[in-house]
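>>> 3D model of this:
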Amino acid sequence: MSPFRTATEIVEAEVAVLEAEHRRVLASLPSGHRSLFVRRTARIAAGVAGTAVAAVMLIAVQATARGHARLLFAGWAAAAIAYAVAAAAASLVLRRRLRRAIVRTDDPFRDHAALRAADLPGLEHALAGRRSHASYAWPLVAITLLGPPTLLLLPGLAMGASSRELDEWLRFTCGVSPHIFGYAIVVAWRYPRTQRVWGHVLWATVLSLFPGVLFAGISTLIVFLTAAMIAIVGFLPMSALMVREGMTMRWQLDRDTP
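Next up, the predicted model:
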């Protein structure tokens, strides 16, 4: 047996050990909704879908007289469907990316170097980290656009208002506040970095004075109440989620660091 063949056999044996160890690590990594990468990807998809339908609704209230309420509820449905589909797809993509990192070739020496350098938990953390800001910002943008009109429709739904009446109410409320929606989108996108919301609630209220003063301040009061409710049910829970996921990332990194 030649020395070269002996060296090749030694390397192949080490490669087999490394591959088995990486497959054990791969099997122990969080999958499905336990994976931070999957959850963040799904939230981005839900936020984008909800935002897209909300944008169509806000344009439609200026151009058409009917169908606004249906578009509003379709926005929530689209977000839910997008979340489920994206979560399933992201889980498959993540597993494929991780398996690709430890796939073997016909060159045992190259495989040996690649497998020694492979860090599956680190790769998963890196993939999840790239989606950090967008995974918080996109859902907040969608909530900011869909939430206030939904809150405004709830009393009408409770009182049995017709679809025409709901459409008219949406057309009025959305038609007089495009500047507030524009401001809210900027606030929502920046929130993962600033985590400031109550000052923006007050600024949104100030912005609503035009045209709020034309309606005896009633629309301004409505803007303040809906903005405060969105802050409580949307922004504050997202802040708590950011803290939890940050702690999870740090715990996983500490656990996986030798």
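
>>> Which SSE is immediately downstream of the helix or strand where residue 15 lies?
Here residue 15, judged by DSSP states H and E, is contained in helix 3-28. With elements assigned by DSSP H and E, the helix or strand that comes after helix 3-28 is helix 36-63.

>>> What are the buried residues along that following helix?
Residues of helix 36-63 classed as buried: 36-54, 57-58, 60-61 (neighbour count, 16 or more other Cβ atoms under 10 Å). C-beta: built from backbone N, CA, C; applies to glycine.

>>> I'd like the mean pLDDT over that helix, please.
For helix 36-63, mean pLDDT is 92.

>>> Which elements pack onto that helix?
helix 68-101, helix 120-129, helix 132-158, helix 163-175, helix 236-256 (3 or more Cβ pairs under 8 Å, 6 or more residues apart in numbering; DSSP states H and E).

>>> For residue 189, which of these is the nearest?
Of all the helices and strands packed on helix 36-63, it is helix 132-158 that lies closest to residue 189, at 4.8 Å by Cβ to Cβ.

>>> elements contacting the closest one?
helix 36-63, helix 68-101, helix 163-175, helix 178-194, helix 218-230, helix 236-256.

>>> outside of the fourth one, which residues touch it?
If I follow you right, that is helix 178-194. Identification of contacts with helix 178-194 by Cβ atoms under 8 Å, 6 or more residues apart in numbering yields 58, 132-133, 136-137, 140-141, 143-145, 174, 197, 200, 203-204, 207-208, 210, 223, 227, 235, 238, 242.

>>> circling back: could you dump the helices and strands packed on helix 36-63 into JSON lines with mean pLDDT and distance to residue 29 added?
Formatted as JSON lines, those follow (pLDDT from 0 to 100; distance: least, Cβ to Cβ, whole Å):
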{"stretch": "helix 68-101", "mean pLDDT": "92", "distance to residue 29": "7"}
{"stretch": "helix 120-129", "mean pLDDT": "83", "distance to residue 29": "6"}
{"stretch": "helix 132-158", "mean pLDDT": "91", "distance to residue 29": "19"}
{"stretch": "helix 163-175", "mean pLDDT": "79", "distance to residue 29": "45"}
{"stretch": "helix 236-256", "mean pLDDT": "81", "distance to residue 29": "9"}
